[in-house]
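Trainee: Kindly generate the corresponding structure for this input.
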Amino acid sequence: PPAPGFVIATRHEESGVKLQATGQPKAALRQDAATEFTVIGAPARIVFVMDETTGKATSLVLHQGGREMPAKKQ
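Mentor: Here you go, the predicted structure:
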């Protein structure tokens, strides 16, 4: 699991979806499927887990370096 205090923030901006992890610069995301994104410039993918009733994201899974790191939405 990620270290305590490690946060991945995602934001919709005019230029597209951006991601910023604790201690890392902001990175752009490329949408590959409805809930799957590639981090541009990094060997990583983000998959959002959606609530079937509301259609809103409840968590995400960071796929990087052969690891899957789930994170709940705060």
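Trainee: got any ranges where this structure has weak pLDDT?
Mentor: Along the chain, the model assigns pLDDT under 70 to residues 1-3.
Trainee: what's near enough to touch the residue nearest the centre of the chain?
Mentor: Geometric centre of the chain, nearest residue: I46, 4.1 Å, by CA atoms, centre = their mean. By CB atoms under 8 Å, 6 or more residues apart in numbering, the residues touching I46 are I8, T10, L19, L29, E36, F37, T38, V39, L60, V61, L62, H63. All C-beta spots, glycine's among them, are computed from the backbone N, C-alpha and C.
Trainee: now with 10 Å?
Mentor: Contact partners of I46, counting by CB atoms under 10 Å, 6 or more residues apart in numbering, are 8, 10, 17, 19, 29, 32, 35-39, 60-64, 71.
Trainee: residue at max distance from the center of this protein?
Mentor: Distance from the C-alpha centroid of the chain peaks at T53, with 21.0 Å (CA atoms, centre = their mean).
Trainee: Nearest spatial neighbour of F37, chain-adjacent residues omitted?
Mentor: Distances taken as CB to CB, 6 or more residues apart in numbering put L29 closest to F37, at 4.0 Å, once the chain neighbours are dropped.
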